[in-house]
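Participant: Predicted model, plus sequence, below.
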Amino acid sequence: MAGDRHGWRVCLLGGAVFAVCMTGTTLPTPLYPLYQQKFGFSELTVTVVYAAYAFAVIGVLLLAGDASDAVGRRPVLLWGLGCAAASAVCFLCATALGWLYAGRLLSGFSAGLFTGAATAYVMESAPPGGTSRATFVATAVNMGGLGCGPLLAGVLAEYAPWPLYLPFAVHLALVACSAAVLLRLPETVAERRPLSTVRPRRPGVPPRVRPVFGPAATASFVGFALLGVFTSVSPAFLARYLDVTDHAVSGLVVALAFFTSTGGQLAAGRVGTVRSLPLGCAGLLAGLALLAGALHWDLLTLVVLSAIVGGFGQGLAFRGALSAVSGASPPDRRAAVISTLFVVAYLGISVPVIGVGLLTGPMGLEGAGLVFIACMGVLVVAAAGYLLRRPVPAGT
């Protein structure tokens with residue numbers, strides 16, 4: 001019993017460190033309008049700055065995604081916290097646009113290092129028989145941390161002084177506390193190897209997995225694209241078209257998408273993989289439709305509903321996708337297939353967002369948003385139609 005308590009204590013502390021790191025990755029979200037006023041850049045620049053984070057995550061996942069298997073979880077997590085601290089320093093020193101790019105790249109490096117290593121650490125720290133609960137802890141702190149970032153920055157920017165500096169100073173202090181906690185936590189990798197043994201991962205999908213991977217990856221792409229649009233351009237839309245200049249409100253709207261994603265992932269465990277993927281696609285389609293209505297009629301209520309419904313659908317679809325491709329993959333290729341799924345997901349959070357930025361100039365933010373919704377709607381309908389014709393096997 002004492003061992004169980006100790007295991008859960010380590011598991012939860014590791015989860016708290018995970019949440020602090022992920023909070024920093026979305027911290028700038030409600031602050032982009034303020035940076036636009038300060039540096040005078042366009043919506044396209046906002047989306048490119050945002051996408052720099054996703055490309056950095058993809059690079060780390062491909063080049064060093066399995067580094068913690070070799071050198072241990074704690075060293076990699078400490079490197080991730082170091083990148084998070086450096087990112088906060090870049091934003092604190094930001095006197096030109098280049099600082100924002102550097103801060104987002106370093107933030108992407110921290111998230112890429114944490115995504116696999118922290119998830120594995122939380123699951124390995126749990127007592128015997130607690131894998132399922134530990135998996136949800138890892139999922140919840142990941143998405144919950146992403147949701148806390150815009151909420152924390154929005155509240156501080158609205159109700160405290162120095163809106164472009166205080167959020168990052170607070171996060172820097174949280175990172176320092178997390179490093180102190182991490183140094184006291186045990187290592188979970190028993191046999192470690194030199195860093196020189198780490199090799200880049202090659203994305204790959206075996207032929208037997210492709211029928212499942214196609215619709216699962218498509219749903220993941222659309223779900224992350226929806227989160228990407230909320231995280232990058234929704235504060236500008238709220239301020240420009242709905243006169244919502246309260247940074248706390250814009251941060252809360254973005255946070256709702258991530259918090260409800262956690263709820264969707266929890267529900268996926270009860271619904272099951274066979275139903276969670278098509279139901280998640282339905283939720284994503286409903287979220288896209290609500291967002292289209294919000295853009296057309298300029299209604300804050302529909303923006304909030306879109307964040308809630310779309311976020312829940314994203315969580316449902318993504319956990320279903322992860323379970324489906326993991327279950328369908330042969331054990332010796334499972335890590336490569338899951339890495340490929342994450343690469344597709346992070347492409348979804350970056351490439352469509354840049355497309356919205358490119359279209360904002362000639363079409364305006366509303367027109368660009370409607371084109372994005374139409375394209376994502378076609379993809380998610382195609383994935384849902386395929387799943388209805390060929391459901392994921394119950395054994396995955």
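Facilitator: Perfect, thanks for sending it. Numbers count the residues shown, from 1 in each chain.
Participant: List the buried residues for the lowest-mean-pLDDT helix or strand in the chain?
Facilitator: Of all helical and strand segments in the chain, the minimum by mean pLDDT, DSSP states H and E falls on helix 334-348, at a mean of 82. Neighbour-count burial for helix 334-348, counted by 16 or more other C-beta atoms under 10 Å, picks out 335-348. Heads up, the C-betas are built off the backbone N, CA and C, glycines and all.
Participant: how about JSON lines for these, with distance to V189 added?
Facilitator: Output for the buried residues of helix 334-348, formatted as JSON lines (distance: C-beta to C-beta, whole Å):
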{"residue": "A335", "distance to V189": "15"}
{"residue": "A336", "distance to V189": "20"}
{"residue": "V337", "distance to V189": "22"}
{"residue": "I338", "distance to V189": "19"}
{"residue": "S339", "distance to V189": "19"}
{"residue": "T340", "distance to V189": "24"}
{"residue": "L341", "distance to V189": "24"}
{"residue": "F342", "distance to V189": "21"}
{"residue": "V343", "distance to V189": "24"}
{"residue": "V344", "distance to V189": "28"}
{"residue": "A345", "distance to V189": "26"}
{"residue": "Y346", "distance to V189": "25"}
{"residue": "L347", "distance to V189": "30"}
{"residue": "G348", "distance to V189": "31"}
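Participant: From those residues, pick the one nearest L156.
Facilitator: If you rank the buried residues of helix 334-348 by distance to L156 using C-beta to C-beta, Y346 comes first, at 27.4 Å.
Participant: ok, that closest one to P128 distance?
Facilitator: 33 Å (C-beta to C-beta, to the nearest Å).
Participant: The stretch 201-350 of the chain: helices as residue ranges?
Facilitator: Here the stretch 201-350 of the chain has its helices, by DSSP state H, counting those that start in this stretch, at 210-232, 234-241, 247-271, 273-297, 300-328, 334-348.
Participant: Now those in a markdown table, please, with extra columns for distance to Y121.
Facilitator: A markdown table is the format used below for the helices of the stretch 201-350 of the chain (distance: least, C-beta to C-beta, whole Å):
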| stretch | distance to Y121 |
| --- | --- |
| helix 210-232 | 23 |
| helix 234-241 | 32 |
| helix 247-271 | 19 |
| helix 273-297 | 25 |
| helix 300-328 | 18 |
| helix 334-348 | 16 |
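Participant: closest one to P150 among those?
Facilitator: Judged by C-beta to C-beta, the one of those that comes nearest to P150 is helix 247-271, at 4.0 Å.
Participant: returning to that earlier point: now do the least confident helix or strand of the chain: everything it contacts.
Facilitator: Applying C-beta atoms under 8 Å, 6 or more residues apart in numbering, the external contacts of helix 334-348 come out as 54-55, 57-58, 61-62, 65-66, 115, 201-206, 209, 213, 216-217, 220-225, 228, 318, 321-322, 325-326, 329.
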